[in-house]
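*Asks:* Prediction below, plus the sequence it came from.
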Amino acid sequence: MIGGFFFCFALSVLAAAPGADEFDGWNRFSEYVAVADGTRLAIDYFRPTRAGELHEQPLPVVWRFTPYGRYLNPIDPANPHALPSGGAGLNSPGALEALLRSGYVVAVADVRGYGASFGVSETWLGPKQAEDARDITDWLAAHSWTTDKVGMMGLSYLGSVQYMAASRASPHLKAIFAAMAQVDHYETFMLNGIYRPDLAPAWGQLRAALDFPGAETVRGSVAAVEADTDRSQIQQAALAHRHNRDLGQQMARLAFRDSIDPDTGRRWHVENSAWNYLDQVEESGVAIYHWAGWWDTYCKGQILAFNYLSNPQKLHIGPYFHTEHFGIDIYREAVRWFDHWLKGRDNGISREPAVRYFIAGEDPAAGWRQADNWPPPGIEDSVLHLSSGSLLAHQASPVPGTDDLKVDFTVTLGGYLDRNNGVFRQAACADRTEADPVCFDHSGYPDLARSYDARSLSYTTAPLSQDLRVLGQPVATFWISSSTDDADIYVVLEEVDEEGFSRFVTDNALRASHRAIGESPFATKGVPWISNLKKDAAGLPGTPVRVALDLKPVGNLFEQGHRIRLTIAGADAANDHVAGPDSTQVLSLHRGGPYDSHLTLPYLALEPEGQAAW
């Protein structure tokens, strides 16, 4: 996917394959596969060789389903069997090579309406892709050189489509490895009512390069299938792509989770969300490896899915932005996962604790922890109250007070797409197994003290008397009123060091009219579920209203001597907002007395040796 989380085109250097055995190479094949409704989808598959000869005995298959081009031009005449050259992490050629050398057939297919595939894309990602994935899985399992066991892998869109595939699973689909993947379609495009303006334009620019090939090959465009020597078929496919829906036009009109698309009458946020089909995913019995990152927008959904499902599962959460995977060899981990579920090897992976996570700020060599469930044992809540003097304190004030903010419409944390991709630290941390130790230490954001905090409402604790390991989803509960009948609210949790440097830890945002708490389709472990349903929307009445906003999940070590800060802004220049930049808006935060505005922090209360953590 693109969008804050989603550009996955960064080039990747081929890694040495883990556990390489007698498979020393591969041959590439390319053709069209007709799915159930007759639409032809382009697929490339790679079969292992031994001593230069094609391996003819059945092998299991692992494949990827992509809108980013299964294979890009140019095709090297001297090496027509080369692997696809683009992609990060599980979308990279390194992941394919690791599996090929370990005795798997691998494949990559273009999603309907994209690349060289025929058909039309009605929407971002939904049930139609799930049905197509089922048909391709069946097709792959039907050959003499494959077994009846198939897996899927991939990152971002390529991870998200796996959750959908498991909801309509082929009986041959036995295991998936979904990295940084969407569970809630609404959260891909909306921050609780605030439309993300960066995703759709970036997606549109990408589509222009990939989906409309002409009579001549162009560097970076999608390759035709092998038999399409005159490029007539890929040009026919491109004609159908002209009817793809405009993503920005479609999603900008769907402000609520249950909004109806006026052109189709469909509730796309519901239909395209894997959470709506988790019972079917569970019935499939597909083994699921969830790979997540604290600073990736999909972390919350993947944790909720893990907690809901009883399938064979693993959950890995690292100090990652989108596409990152350092600290653990993700290629080796994928081979281990598929070796167990597709080859039946007892390699111990099913007996390991189901959850592995890293608390940012820990020692890279010793900071990985394991647990059987999420949240891990020993988590308790600490409540910090917003108080006079811009303080966060353990005791609530009995005296009510108000802090007014004249909203600064130029304040911003930066574009959401860039932030979610961690562009400010990519040189040190992106797409690698070994990374700079700083990648384990913190998010890498620039100092927020002057550029953000000073132009917003900030509340800060005294220096901590000992280390505090925050682990889970903080919740900011506050009472607000506004001079306008609606307001955008951006909330950031930060760590402030002894020098006053204020570091981003986690955040979330909402439009105040979307503040209603509803019934979650998941067990949320006490975290409020903002419904985002149209029937629940309510403007601001001019008197204080209570807002409970769950911040994104995080694992962070707040060091002794550092301070905890909660900052509330009324705008973000990189996102849409209710009032224009020439408007005057005053946002009032009410605290103390009947207006107990506070921050709830889940923290690790006991260390393994039984010592109190705070």
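*Replies:* Okay, I see it. Residues are numbered from 1 along each chain as shown.
*Asks:* in a helix, that's where Ser30 is, yeah?
*Replies:* No - under DSSP: H, G, I helix; E, B strand; the rest coil, Ser30 sits outside any helix and is assigned strand.
*Asks:* What are the boundaries of the strands in the stretch 51-200 of the chain?
*Replies:* Taking DSSP state E, counting those that start in this stretch, the strands of the stretch 51-200 of the chain run over residues 53-54, 59-66, 105-110, 146-155, 173-179, 190-191, 194-195.
*Asks:* next one: the stretch 251-400 of the chain
*Replies:* 287-293, 313-318, 355-358, 368-371, 379-387, 391-393.
*Asks:* Check the stretch 401-550 of the chain too.
*Replies:* 401-406, 457-460, 468-472, 475-482, 488-496, 502-511, 545-550.
*Asks:* now these in TSV, with mean pLDDT?
*Replies:* Formatted as TSV, the strands of the stretch 401-550 of the chain follow (pLDDT from 0 to 100):
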stretch	mean pLDDT
strand 401-406	97
strand 457-460	98
strand 468-472	97
strand 475-482	98
strand 488-496	98
strand 502-511	98
strand 545-550	98
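*Asks:* Quick one: closest of those to Val335.
*Replies:* Minimum separation from Val335 across the strands of the stretch 401-550 of the chain (CB to CB) falls at strand 468-472, 29.5 Å. From N, CA and C alone the C-beta is placed, and that goes for glycine too.
*Asks:* tell me which strands and helices that closest one is in contact with?
*Replies:* strand 554-558, strand 598-604 (3 or more CB pairs under 8 Å, 6 or more residues apart in numbering; DSSP states H and E).
*Asks:* if we look at it, which residues are touching it?
*Replies:* Strand 468-472 is contacted by residues 357, 359, 375-376, 379, 505, 525, 553-558, 564, 601-604, 613-614 when judged by CB atoms under 8 Å, 6 or more residues apart in numbering.
*Asks:* and if we set it to 6 Å?
*Replies:* Applying CB atoms under 6 Å, 6 or more residues apart in numbering, the contact partners of strand 468-472 are Ile359, Pro375, Gly555, Asn556, Leu557, Phe558, Leu601, Pro602, Tyr603, Leu604, Ala613, Trp614.
*Asks:* cool, stretch 280-300 as well?
*Replies:* So stretch 280-300 is contacted by 4-5, 166-167, 169, 173, 175-177, 179-182, 302, 306, 309-322, 324, 337, 341, 420, 443, 553-555 (CB under 6 Å, 6+ apart).
*Asks:* got it, and stretch 332-345?
*Replies:* 18, 60, 62, 98, 102, 149, 151, 153, 174-175, 177, 287, 289, 347, 349-350.
*Asks:* Where do the helices of this protein begin and end?
*Replies:* Secondary structure of the chain by DSSP state H: the helices cover 93-101, 127-141, 157-167, 185-189, 199-210, 232-241, 247-251, 268-271, 278-284, 299-308, 330-343, 416-421, 426-429, 438-441.
*Asks:* other SSEs contacting the longest one?
*Replies:* Contact here means 3 or more CB pairs under 6 Å, 6 or more residues apart in numbering; DSSP states H and E; on that basis helix 127-141 packs against strand 146-155, helix 157-167.
*Asks:* Ser458 pairs with what?
*Replies:* Beta bridges link Ser458 to Thr567, judged by DSSP bridges.
*Asks:* before we move on, the earlier item: can you tell me which of the contacts of strand 468-472 is nearest Arg242?
*Replies:* Gly555 (45.8 Å).
*Asks:* Show me the one of the strands of the stretch 401-550 of the chain that comes nearest Leu278.
*Replies:* Of these, nearest to Leu278 by CB to CB is strand 545-550, at 19.4 Å.
*Asks:* For the most centrally placed residue in the chain, grab phi and psi.
*Replies:* Centroid-nearest residue in the chain: Tyr298, 3.1 Å away (criterion: CA atoms, centre = their mean). Dihedral pair for Tyr298: phi -90, psi 0, per degrees, to the nearest 10.
*Asks:* Now list the buried members of the contacts of strand 468-472.
*Replies:* Neighbour counting over the contacts of strand 468-472 (16 or more other CB atoms under 10 Å) leaves Ile359, Pro375, Gly555, Asn556, Leu557, Phe558, Leu601, Pro602, Tyr603, Leu604, Trp614 as the buried ones.
*Asks:* out of those, who's nearest Lys406?
*Replies:* Closest approach to Lys406 among those (CB to CB): Leu601, at 28.9 Å.
*Asks:* Please look at that closest one and Ser382 and confirm they touch.
*Replies:* Yes - counting by CB atoms under 6 Å, Leu601 does reach Ser382; the two are 4.8 Å apart.
*Asks:* Touching both of these two, which residues are there?
*Replies:* Common neighbours of Leu601 and Ser382 (CB under 6 Å, 6+ apart) do not exist.
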